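# How does the following fold in three dimensions:
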Amino acid sequence: ALPSERVLSESLDLSRVTARKAIDRLVEQGLIIRKRGSGNYIAPKLEQPLTRLTSFSEELHQRGFVPSSRWLLRGFTPAAPDEQLSLELKSGERVARLERLRLADSVVMAYEVSVLPQTVLPDPQKVDASLYTHLGDRAPVRALQHIRALNADAKLAGLLEVPLGAAVLFITRVGYLASGQAVELTHSYCRSDYYDFVAEMRRD
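Numbers count the residues shown, from 1 in each chain. As a prediction, this is how the structure comes out:
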């Protein structure tokens with residue numbers, strides 16, 4: 001949380017008007033979140049390297065944020081055609097489906113849908129915070145990830161609490177065991193104002 005406008009103006013020897021304008025500008029840039037009746041807070045920013053496979057919870061813990069989930073669905077559904085293909089399932093096979101909002105310090109960062117074979121996740125209701133922690137030795141050790149941009153439709157804008165048409169990072173990840181078996185298909189819709197993806201590249 002940031003100090004109040006009065007405390008900022010007094011400690012920095014600024015007028016209240018200047019302090020308010022500075023905070024307004026930072027809110028416009030997405031660096032500060034204004035919560036009515038509570039105050040102003042530094043916006044969480046997740047810089048995620050593309051070379052390391054970690055869970056959302058692990059990344060946030062490492063950066064000092066408190067991760068949490070708002071569950072929308074935890075259950076079983078028939079696998080969709082693209083899910084059958086990605087997870088190498090037979091037609092009609094059921095999958096465990098996890099649908100949730102991912103939060104950092106109570107701020108919605110992403111909307112996520114994870115699909116796993118029923119044999120890998122026989123009881124999705126038991127998944128609490130981190131999926132990878134719950135899976136233990138059945139968690140992926142390797143993943144292929146595709147990232148592209150899209151504009152939020154009405155449903156997505158409502159879930160992510162962003163304006164209609166706002167830019168969103170759409171990430172599709174397929175996770176594999178050491179044996180090569182595909183065990184996770186996750187679609188993540190990430191707020192572009194809170195996410196940065198970083199890749200280090202070397203020239204031979």
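
# So what pairs up with the closest residue to residue 106 other than its chain neighbours in the strands?
Of all residues not flanking residue 106 in the chain, residue 68 sits nearest, at 7.2 Å (C-beta to C-beta, 6 or more residues apart in numbering). For the C-beta atoms, the positions are set from N, CA and C on the backbone; glycine is no exception. Beta-bridge pairing for residue 68 (DSSP bridges): residue 103.

# Report the contact partners of residue 68.
Residue 68 sits next to 103, 106, 129 when contact means C-beta atoms under 8 Å, 6 or more residues apart in numbering.

# Redo those residues as TSV? Include distance to residue 149 and pLDDT.
Converted to TSV, those look like this (distance: C-beta to C-beta, whole Å; pLDDT from 0 to 100):
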residue	distance to residue 149	pLDDT
103	22	89
106	26	82
129	28	81
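
# thinking again about what came up before, the residue nearest to residue 106 and residue 130, how far apart?
According to C-beta to C-beta, to the nearest Å, residue 68 stands 11 Å off from residue 130.

# repeat for residue 83
Residue 83 is 22 Å from residue 130, where distance means C-beta to C-beta.

# Then residue 54?
Residue 54 is 10 Å from residue 130, where distance means C-beta to C-beta.

# Looking at these two, which has the bigger crowd around it?
Between residue 54 and residue 130, residue 130 has the larger neighbour count (other C-beta atoms under 10 Å), namely 18 against 14.

# Hmm, that one is touching residue 55, no?
Yes: under the criterion of C-beta atoms under 8 Å, residue 130 makes contact with residue 55 at 5.0 Å.

# helix or strand right after the helix or strand of the chain with the lowest mean pLDDT?
Least confident helix or strand of the chain, by mean pLDDT, DSSP states H and E, is strand 46-49 with a mean of 60. Next in sequence after strand 46-49, counting helices and strands by DSSP states H and E, comes helix 56-62.
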